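Visitor: Next one to model:
(2 chains)
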Amino acid sequence: MGKAVLCDATKCIGCRACQVACKQWNGLPAVTTTNTGSYENPPKMDAYTFTKINFTELEDNGRFRWVFNKLQCMHCEHPACVEACIVGALEKRPDGPVTYDDRKCIGCRYCQVACPFGIPNFEWDKPMPWIRKCTFCADRQGAGLKPACVTTCPTGALEFGERDALISEAHRRIAAEPGKYVDHVYGEKEVGGTSWLYLSPVPFEKLGFPALGPVPVTVNVARAMGAVPPVLLGVAAAMAGIYWLTKRRQKPSQAEADEKEKARLTK
Amino acid sequence: MMQQKRRFPLGTSILTVIVILGLIPMVIRYLYGLGAVSNLSDGRPWGFWISFDLYCGVALAAGGFTLAGWVYLFNQKKYHAVARPAILTAFLGYTLVILALLIDLGQPWYIWHAIIYWNVHSPLFEVAVCVMTYTVVLALEFSPAVFEGLSKSNLPVVRRFNWQIPLRIIRAIQIPLVIAGVVLSTLHQSSLGSMLLMMPETLHPLWYTPILPILFLTSAIAVGPAMVIFETTLSSKVFGHKLPLDILSGLGRAIPYILGIYLLLKLTDLTATGEIGLIFSAYPQNLLWWGEIIIGVILPIFLFSMPSVRQSRSGVFWSAVLVVIGLMFNRFNVSMLALAMRPGFTYFPHWMEIAISAALVADALLVIWLAYRFLPIAQHESITEVTAP
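Guide: Have a look, this model is predicted:
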């Protein structure tokens, strides 16, 4: 079973150390932003920002409440981007990460359109642009290390481990303190499951998480692509058959015409 | 001849200006990246180029396979005169798609990666394979016109070759070529629908359905004859040779049947999934839905069913225009207007995006003009009698 991260929003303090660690490990430049009236910064993820903390401001029993949650690639179990990629530049590794190979990519951006979480980003400002997104620190994992964001998290809001174990841990936490969490482990079932799992004190829709069903978004595509070989053979056979039929019908009529012509001439 | 030469330069010089104006944004695009010439963003990674050049371009090239199949496989010789123009426009349509991709792709110099790195699960891979192979098939299907043109050339160098040899080869494999064209088009038209199947969460339920590939194919078959009516009417206006009306109205007569099947499929699908109510409740998307259905399906079904419309050149022409507009409306809906953006983004095409697409279309029109001028396109009946089996 693959690796996963459990992100417990009740433990996150919004320090954004994970954002900094991510930029450092991946050698990403800072992005100039303007004040948007929130502590949340940068306002959006882009090709140079693989992760960010969402600061959700809520009213809870008449009192102000802040909920923080981390955003990055979810590393789906059935990733739409992997299925979509024309050249197979994106790959789901059995140990969890969805990795990207810029030696194959042609920049078609189908992965961006396909992703139900809106994650892969593109270097719009470069003449030779690539797709960029969270790598789940596949390189660090290969060396036996945790992802940079998990290592740096000071409160234990991010926990790295086996996916099965983390799902049980998440349900154990909900059961232990049912008042503290909503009874929903986001990512356990969404679009067939993801490698990033979330616990939240408020319904996930309030945090801006897309409401997604348990069916992978790739099922209809897989069905359509499975129909390609039979359709190819079927249409080819049908067209050849139609040609043969019209040709055959034409011959007798041709012979008939010849016959008439002969009769006319001999008369 | 001299008089004819003077008649066209106004049109062609306008087209040439459009092409040159389009070259400027193209240079900017290659020097400074896609962000410099487009309003595309991470929230709307596919925009005007994909909707217009790819989705509309491929569908409007459907005249090539529908007419080739109708003439050579269903043996409808009557329509032989329009098969060659249809194949030419289909070939140019596909060339335009490839040129547009060389603009739209982030790394166009790596477009050949699609040939060596296969992802057979990707609908886009199917699209790429079909574009490549069908463009070759269309070039071969059209090549007899070129060889005939060359064999009649006045240049002694060109005349020295025996152009009958390649002509005979192409004629020998003509039927397999036409069958390959129909098969590849079936796959290609439907695969553009398959591509959208990946977006069940972002494409509006009025359009998202597992039968999208079938809907794409059916609407493409319907727009094929409409596009042929459209382009042959225009070319006969420009070049002054008239096509018999019964060919045009014959093409028009087929359209209501295909559009009828298309409408039935759409309504049955919405009813079966229980989403039919959305056509009244899902404001504002339902207006887009009604727009494409009324313009491109319901009106043409009525118009083409009326003998008085079919007996008038302008009636047939304008009804065909409705089908074409309705289809473009549909392709824009599924690939842009009804496809949700990431939250916090907006998109309206940059003028340079439109300028580049306009330049590509002008390119194609110039090639069509040259082809009609120098190749046997419209009046080739007497020469190619033998090709009709």
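Visitor: Skip the chain neighbours and tell me the closest residue to the residue of chain B at minimum distance from chain A.
Guide: For chain B, the residue closest to chain A is residue B:106, as judged by CB to the nearest CB, at 2.1 Å. To be clear about C-beta, it is placed using only N, CA and C from the backbone, and glycine gets the same treatment. Leaving aside its sequence neighbours, residue B:106 sits nearest to residue A:107 (CB to CB, 6 or more residues apart in numbering or on different chains; 2.1 Å).
Visitor: How about the backbone phi and psi for the one you found?
Guide: Dihedral pair for residue A:107: phi 80, psi 30, per degrees, to the nearest 10.
Visitor: for residue B:76, what are its contacts?
Guide: Counting by CB atoms under 8 Å, 6 or more residues apart in numbering or on different chains, residue B:76 touches residue B:70.
Visitor: Please name the residues that touch the spatially most central residue of chain A.
Guide: Nearest to the mean C-alpha position of chain A, by CA atoms, centre = their mean, lies residue A:115 at 3.9 Å. Shown in contact with residue A:115 (CB under 8 Å, 6+ apart): A:80, A:81.
Visitor: same question, the one 10 residues further on
Guide: If you count contacts by CB under 8 Å, 6+ apart, residue A:125 has them with B:32, B:33, B:35, B:36.
Visitor: Of the residues you listed, keep whichever come out buried.
Guide: Buried residues within the contacts of residue A:125, counting neighbours by 16 or more other CB atoms under 10 Å in any protein chain shown: B:33, B:35, B:36.
Visitor: show me which of those residues neighbour chain A.
Guide: Near chain A, taking CB under 8 Å from any CB of the partner chain as the test, the members of these found are B:33, B:35, B:36.
Visitor: Tell me the one of the residues you listed nearest residue B:257?
Guide: Checking these against residue B:257 with CB to CB, the nearest one is residue B:35 at 46.4 Å.
Visitor: The helix or strand containing that closest one: how far from the chain's middle?
Guide: Element membership for residue B:35, per DSSP states H and E: helix B:34-37. Its chain's C-alpha centre and that of helix B:34-37 lie 26 Å apart, by CA atoms, centre = their mean, to the nearest Å.
Visitor: now what about the next helix or strand after that helix, what contacts it?
Guide: Downstream of helix B:34-37, the next assigned helix or strand under DSSP H and E is helix B:48. Under the criterion CB under 8 Å, 6+ apart, residues B:38, B:336, B:349, B:353, B:354, B:357 lie in contact with helix B:48.
Visitor: again, only this time at 10 Å
Guide: With CB atoms under 10 Å, 6 or more residues apart in numbering or on different chains as the test, helix B:48 has contacts from B:38-40, B:104, B:332, B:335-336, B:347-350, B:353-354, B:356-357.
Visitor: which intervals of the stretch 151-267 of chain A have sub-threshold pLDDT?
Guide: Along the stretch 151-267 of chain A, the model assigns pLDDT under 70 to residues A:252-255, A:261, A:265-267.
Visitor: redo that, cut-off 90
Guide: Within the stretch 151-267 of chain A, the segments meeting pLDDT under 90 span A:247-267.
Visitor: how far does the helix or strand containing residue A:55 sit from the chain's center?
Guide: Assessed by DSSP H and E, residue A:55 sits inside strand A:52-60. Relative to its chain's centre, strand A:52-60 lies at 23 Å (CA atoms, centre = their mean).
Visitor: which strands and helices sit next to it?
Guide: helix A:17-26, strand A:63-71 (3 or more CB pairs under 10 Å, 6 or more residues apart in numbering or on different chains; DSSP states H and E).
Visitor: what's the most buried one of those?
Guide: Highest mean neighbour count of those: helix A:17-26, a mean of 19 (counted as mean count of other CB atoms under 10 Å in any protein chain shown).
Visitor: how much does that one deviate in direction from strand A:63-71?
Guide: 20 degrees (axes from the mean of the first three to the mean of the last three CA atoms, to 10 degrees).
Visitor: Do helix A:17-26 and chain B come into contact?
Guide: No: Helix A:17-26 is not in contact with chain B by CB under 10 Å from any CB of the partner chain; minimum separation 17.3 Å.
Visitor: Touching that helix from outside, list them.
Guide: Helix A:17-26 is contacted by residues A:7, A:12, A:16, A:28-31, A:41-42, A:45, A:48-53, A:70, A:72, A:132, A:134-135, A:137, A:139-140, A:145, A:147-155, A:157-158 when judged by CB under 10 Å, 6+ apart.
Visitor: After the helix or strand where residue B:234 lies, which helix or strand is next? Please name it.
Guide: In the assignment (DSSP H and E), residue B:234 maps to helix B:212-239. Counting by DSSP H and E, the element after helix B:212-239 in chain order, helix or strand, is helix B:245-272.
Visitor: Can you name the element that comes right after that next one?
Guide: helix B:278-281.
Visitor: How about that following helix and chain A, touching?
Guide: No: on the criterion CB under 10 Å from any CB, helix B:278-281 is out of touch with chain A, staying 17.9 Å away.
Visitor: can you pull the buried residues of the helix or strand following that helix?
Guide: Once the chain leaves helix B:278-281, the next helix or strand it forms, by DSSP H and E, is helix B:285-293. Buried residues in helix B:285-293, counted by 16+ other CB under 10 Å: B:285, B:286, B:288, B:289, B:291, B:292, B:293.
Visitor: got the angle for helix B:285-293 vs helix B:245-272?
Guide: 150 degrees.
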